[in-house]
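*Asks:* show me how the following folds:
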Amino acid sequence: MAELEPIQSPSEMTYCSPLAYPTKRLDSSSVEKLSKGFSSVSMGDYKNDSDANDSFSHNDENEGNESSINHVVDSHCILNRPILMTKLSHKTKKRIELTADVIQFSFSYKQISKAKSHEFSIDDVRHISDREVARHYREELGLSQECERRWISITYFDHVKQKLKCLHLVADTSHDLKKLLSTIEVFKNLKELLLKSYLVDASDLDEVRRNIISDKSVFNDKSKKQLLLFDDILKYCKRLNINLSSKRLQVLFNNAKRLHDNGLDFEEFKVFVKSLRYRSDLATIWKHLTGSKGQLNLEGFSSFLKDVQDEHLSTDEVSKIFRKFCNTNELTWTCEEFNLFLNSKYLCYTKETFRREGYYSHPLSEYYILSSHNTYLTGRQFAGESSVSGYVRALQRGCRCVEIDIWNSPDDNIEPIVTHGRTFTKGIKLADVLSTIKRYAFQSSNLPLILSLEIHCSSAAQLKAVEILQSTFGDTLVTNAITGGNVLPSPEELRNKVLVKVKKTSNLPSSIDDNGSFTTTSTTGNSFSESAESFVARSTSSSSSTKMRRKKDKLIMEELSNLGVYCQGLKFRNFSLPESKTFNHCFSLNEKALISMVKDPSKAEAVDKHNRRFLMRTYPSKYRLSSSNFIPTQFWAHGVQMVATNWQTFDVGQQINLAFFDGVSGNGYILKPSDLRRPTLKSTMRRVIQRHQKKLKFSIKIVSAQQLHRPHNIDALNPFVIFEIMGATSIDWSKDSSISNTKVVTGNGYNPIWNETFSGTIHYDCEIIFARFVVSTSASPVEPDSPKEIGTSIINIFDIKKGFRYLKLRDSCGELLLNSTLLLKIEFDTV
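*Replies:* As a prediction, this is how the structure comes out:
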């Protein structure tokens, strides 16, 4: 059996909605994969639309699907009996019984001799790692290597507790583990096959497939139904997350009936499927685009790209894309091909300016860097567990600055561990953390990774930490300057390199000039001084405050301090002091200290000026006991490069953080707006460019949603969309604009249509503004009442493209919801 992709998210497995493939069929190579029990299909095979397109043919022949499906559900391929496993955690070891349900594509487990069981579906699974790929989990829990070949860690969304849960299991035999891994693959791929083949490709359904649809035992070919009853339709829709109310389904069911009173035959079922997948929202757009022709040729497609989508491509590029989606030799599109294109990578909703030449050639100080606070925690900062899984998730999402708090092991004063000190969290070995970071450091991005070290350990443990850092990262660890001069290097120059941010202990030179060069002349400043400890009070005596800090600060060994080549951590005292002008220093301020500064106009100007040339990091206050987050835009607006957030909490602050960096596709570095970067003229070096109020007209039409997921304990979906703009100075709403939210669509979570427009004029002084969409379901079928969130999507208004765009939705843990999207029509005009 092929190895699973490490920690691959099922929400990333399929780029487009299943309805993006309305006339395609599995080709022989895909069928062959299925017939082998999906053993050769990795969980990332359908990660993007180009892969998916290659897996479909235009051939009307579809031989072999019947036998392949029979083999997929064969007992040799899936887990058809309960198996005993050992469930592990930091606190306990329990014997459990795990069962797979092939009808519902779900798993359940319960402790032996206890009745209470826990269940999760294949759609709930977020990450999977097994055997040696999960070594960091095994080492973290202190299990021997002998367990490794039988180990699997499954992260899934717990609907009861509304959070991610990591299930660490050790099978009794390698055979049982292979069965479980194979079953996970089968469930995922069989469900995709049902969606693509049965919902969309009804013309190819045979009796075996109809038998599966009708929810009869898939192991018994002899039990066949001649008719599909309404109860069968309800079960079928539930299995495929088609969240329509029973009333709506009943109407479609009744309209499809022609010859029978109580059920549908095969031909009638095809009518039902056709009406189910009909998209009136797309039909309206298509009619407006093509008129009475009903087809789109190359000329019309070129006009659509230019006039509606504001995409400016060469003639050859337009022709190549158009031909790729043509389904016939007539070189025209139908509405199905049009929707396939709208869902494709060729219509990415972000501008992708990071692909321009030279984008990553500026000094580090001119970039926003995706950063994490308390990266090792999986829950609240005073009660959550420490785990390497926090680093895995952050790095896979493109995080480029992770935090490592190093303390002494309670068992060994020399052994450094990573934990949240003086709390109830359990520590993990620094060596395990760094080996995990090394494994995932450059999977998402090869731009530099910054390790932000907080040192609370003894001198001996610090020296051991230096040894572990050097042995783990080798040549990738920056231990000496790689560029000349007193300027920070660029991300381009630091590709595949690891930087260390750590406090500086060696004495600084007596003076440094405005360019960051060492001089022999003493300089004094009359600027303000801000204590990061008190947030507000000024320093009354530099000597006495220094003594206080020396008593409180842990002495950093020179060997460790020297690793801070480009990120020398300094305690902030004053922007005018010589130490504040070293080109490679970095101030770290918590949110309260920084907010206190920027409230004063003169201090805010000093912060802005500093951050044009030097690094700064801010992080959440220690009083955020629940690990909540601030709104990061307030700090980005002042040029702070490393705005660190609590990734274990997917609140509005973290939603904005991830949405902002979505625009660089996992690279983790965003070039600041020109108004916040270093002035180029010497005459302007000593003053900050004044910001001016600007205006932007916008019109965002929320057209529809597709395949919304049903929240736990909700029977019927009555979806509506809450819309808000964040970061603007003010907004002048148009008279005819919708305000706050759309209307409620009753009983339709499958393809609700709103066609409501939010429009107006945004006033702003910094190009960091976001539009937030929250899709919720209402307790009332007619108006918003007791809303329960289904999914969210946030976009950076200055990074979004015009025209029709599909946005993906994320759940309450920040994971992409499989196939759930919003269709928007977007227009912007500068004033």
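*Asks:* going by C-alpha atoms from here, please, whenever you check contacts or count neighbours.
*Replies:* Noted.
*Asks:* which residues in the stretch 351-500 of the chain form helices?
*Replies:* Taking DSSP state H, counting those that start in this stretch as the criterion, the stretch 351-500 of the chain contains helices spanning 389-396, 430-440, 459-473.
*Asks:* got the CA positions of the shortest one in PDB?
*Replies:* Going back to what we said before, that points to helix 389-396. Output of helix 389-396 as PDB, limited to C-alpha atoms (Å, rounded to 0.1, in the frame of the first residue of the first chain):
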ATOM      1  CA  SER A 389       1.200  19.200  16.000                       C
ATOM      2  CA  GLY A 390       0.900  23.000  16.500                       C
ATOM      3  CA  TYR A 391       4.200  23.400  14.500                       C
ATOM      4  CA  VAL A 392       3.100  21.000  11.800                       C
ATOM      5  CA  ARG A 393      -0.200  22.800  11.200                       C
ATOM      6  CA  ALA A 394       1.400  26.200  11.200                       C
ATOM      7  CA  LEU A 395       4.200  25.300   8.800                       C
ATOM      8  CA  GLN A 396       1.800  23.600   6.400                       C
END
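*Asks:* what are the ranges of the helices in the stretch 651-800 of the chain?
*Replies:* 652-662.
*Asks:* shaky segments in it?
*Replies:* Applying pLDDT under 70 to the stretch 651-800 of the chain flags the ranges 679-690.
*Asks:* could I get the phi/psi values of Leu717?
*Replies:* Phi and psi for Leu717, reported as degrees, to the nearest 10, are phi -90, psi 130.
*Asks:* what sits against it?
*Replies:* Asn243, Leu244, Ser245, Arg710, Thr746, Gly747, Asn748, Gly749, Thr777, Ser778 (Cα atoms under 8 Å, 6 or more residues apart in numbering).
*Asks:* among the helices of the stretch 351-500 of the chain, show me which one is buried the most.
*Replies:* By mean neighbour count, with neighbours taken as mean count of other Cα atoms under 10 Å, helix 389-396 ranks first of the helices of the stretch 351-500 of the chain at a mean of 22.
*Asks:* and that helix, what does it pack onto?
*Replies:* Secondary-structure packing of helix 389-396 (3 or more Cα pairs under 8 Å, 6 or more residues apart in numbering; DSSP states H and E): helix 430-440.
*Asks:* show me how far the helix it packs on is from its chain's centre.
*Replies:* Offset of helix 430-440 from its chain centre (Cα atoms, centre = their mean, to the nearest Å): 21 Å.
*Asks:* now do it, average pLDDT.
*Replies:* If you average the pLDDT over helix 430-440, you get 92.
*Asks:* who does it touch, helix- and strand-wise?
*Replies:* Secondary-structure packing of helix 430-440 (3+ Cα pairs under 8 Å, 6+ apart): helix 135-140, helix 389-396, strand 416-418, helix 459-473.
*Asks:* and Gly760, which of the ones you listed is closest to it?
*Replies:* With respect to Gly760, and counting by Cα to Cα, the nearest of those is helix 389-396 at 36.2 Å.
*Asks:* tilt between that closest one and helix 430-440?
*Replies:* Here helix 389-396 runs at an angle of 20 degrees relative to helix 430-440 (axes from the mean of the first three to the mean of the last three Cα atoms, to 10 degrees).
*Asks:* report the mean per-residue pLDDT for helix 389-396.
*Replies:* Averaged across helix 389-396, the pLDDT comes to 89.
*Asks:* next, Lys609: secondary structure please.
*Replies:* Classification of Lys609 using DSSP: H, G, I helix; E, B strand; the rest coil returns helix.
*Asks:* now it: how far from Ser365?
*Replies:* Using Cα to Cα, to the nearest Å, we find Lys609 at a distance of 11 Å from Ser365.
*Asks:* the more surrounded of those two?
*Replies:* Each of Lys609 and Ser365 has its neighbours counted (other Cα atoms under 10 Å); Ser365 has more, 29 against 23.
*Asks:* contacts only, for that one.
*Replies:* Shown in contact with Ser365 (Cα under 8 Å, 6+ apart): Leu488, Asn611, Arg612, Arg613, Phe614, Leu615, Gln641.
*Asks:* repeat the analysis, applying 7 Å as the threshold.
*Replies:* By Cα atoms under 7 Å, 6 or more residues apart in numbering, the contact list for Ser365 reads Asn611, Arg612, Arg613, Phe614, Leu615, Gln641.
*Asks:* for Asp172, state which of those is nearest.
*Replies:* Checking these against Asp172 with Cα to Cα, the nearest one is Gln641 at 48.8 Å.
*Asks:* how deep is the closest residue to the closest one other than its chain neighbours tucked in, by neighbour count?
*Replies:* Residue nearest to Gln641 in three dimensions, not counting chain neighbours: Tyr368, with 4.3 Å by Cα to Cα, 6 or more residues apart in numbering. Using other Cα under 10 Å, Tyr368 has 21 other residues around it.
*Asks:* okay, now the unreliable bits of the chain?
*Replies:* Ranges of the chain meeting pLDDT under 70: 1-77, 194-225, 379-385, 421-426, 506-554, 679-690.
*Asks:* any idea how it splits into domains?
*Replies:* In terms of domains, the chain is parsed into 1-200, 280-347, 364-506+555-684, 694-830 (source: automatic domain parsing).
*Asks:* so which of the ones you listed is nearest Gly263?
*Replies:* Among these, domain 1-200 comes nearest to Gly263, with 17.8 Å by Cα to Cα.
*Asks:* any chance of the helices and strands packed on helix 430-440 in JSON lines, plus distance to Gln111?
*Replies:* What follows is the helices and strands packed on helix 430-440, written out as JSON lines (distance: least, Cα to Cα, whole Å):
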{"stretch": "helix 135-140", "distance to Gln111": "21"}
{"stretch": "helix 389-396", "distance to Gln111": "24"}
{"stretch": "strand 416-418", "distance to Gln111": "31"}
{"stretch": "helix 459-473", "distance to Gln111": "39"}
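*Asks:* and the ones you listed: which comes nearest Glu783?
*Replies:* helix 389-396 (37.9 Å).
*Asks:* Ala637 is in contact with the residue nearest to Gln641, correct?
*Replies:* No. Tyr368 lies out of contact with Ala637 (Cα atoms under 7 Å); the separation is 10.6 Å.
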